[in-house]
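Enquirer: sequence and predicted structure are below.
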Amino acid sequence: MARRSKRYANALAQIDRNRRYAVEEAVLLVKKLATAKFDETVELHARLGVDPRKGDQQVRGSVVLPHGLGGRARTVLVFAEGDKAREAEEAGADFVGGTDLVDKISGGWTDFDVAVAVPAMMRHVGKLGRVLGPQGKMPSPKAGTVTDDVAAAVQAYKAGKVEYRVDSGANVHGPVGKASFSAEKLTENINSFVESVRSAKPASARGIYLRRVSLTSSMGPGLRLDIS
């Protein structure tokens, strides 16, 4: 078993691992326990009552957090040409191009956070699935990253749009802000994320959907949330 640091052990001693905390209380405690020498990211993790092996129980979506994510601005790449390329550049995209970018990424370059593509480019972008898929950067209509409205997509991701998708263990994960955020801003971001995941419940899912939800900072222990 991996050894935990003294700082982590001290933080763990201040929480009740069998208790479900109200969101507002959990936020205050997570902020208090985020004592690393950098501004820790606050993360939400949810265990869902779905079977990810079934195609009709996949959970994937996105949400624009009301107060963004803070920290370093995310870099957005757009696959587009002509007028759509100009729209993307004017909206603040960091990288814009067509087959030239496809070739560059095929060669192993992935120095960006989010990729957006106009539908007309997907016949070229589709071959990048093996490169971008494992990194969660492959453009997808369901995530809103395959769209003709590239300006809106760029602006949304720059403002703090977060994508999530269920993993093989039926979990979804996502950042909801920084420990330096005010408690009010973090609480609003968390509530927005939870409501988005709740609204993405597959029609075929049965029983309890949000089975376990926890909040943690980058270097801190997790706290179970009461989201009832």
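Expert: Sure thing, it's come through. All of these numbers come straight from a predicted model, not from anything done at the bench.
Enquirer: and the protein, what are its domains?
Expert: The chain breaks down into these domains under automatic domain parsing: 16-69+161-226, 76-158.
Enquirer: switch the ones you listed over to JSON lines; also include mean neighbour count.
Expert: C-beta coordinates here come from the backbone N, C-alpha and C atoms, glycine included. Below are those laid out as JSON lines (neighbours: other CB atoms under 10 Å):
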{"stretch": "domain 16-69+161-226", "mean neighbour count": "17"}
{"stretch": "domain 76-158", "mean neighbour count": "18"}
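Enquirer: any chance of the ones you listed in JSON lines with distance to residue 6 and mean pLDDT as columns?
Expert: Shown next, in JSON lines, are those (distance: least, CB to CB, whole Å; pLDDT from 0 to 100):
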{"stretch": "domain 16-69+161-226", "distance to residue 6": "11", "mean pLDDT": "94"}
{"stretch": "domain 76-158", "distance to residue 6": "33", "mean pLDDT": "95"}
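Enquirer: tell me which of these lies nearest to residue 7.
Expert: Closest approach to residue 7 among these (CB to CB): domain 16-69+161-226, 6.2 Å.
Enquirer: ok, residue 23 to residue 153 distance?
Expert: Per CB to CB, to the nearest Å, residue 23 is found 29 Å from residue 153.
Enquirer: do residue 112 as well
Expert: Separation of residue 112 from residue 153 (CB to CB): 14 Å.
Enquirer: now list whatever residues contact both of those two.
Expert: Common contacts of residue 112 and residue 153, defined by CB atoms under 8 Å, 6 or more residues apart in numbering, comprise residue 76.
Enquirer: just list the residues touching the residue nearest to residue 59 when sequence neighbours are not counted, thanks.
Expert: Setting aside the residues directly before and after it, residue 59 is nearest to residue 166 in space (CB to CB, 6 or more residues apart in numbering), at 4.1 Å. By CB under 8 Å, 6+ apart, the residues touching residue 166 are 48, 50, 52, 58-60, 172.
Enquirer: now, which of the residues you listed sits nearest residue 121?
Expert: The nearest member of the contacts of residue 166 to residue 121, counting by CB to CB, is residue 60 at 20.9 Å.
Enquirer: which residues does that closest one bridge with?
Expert: residue 165 (DSSP bridges).
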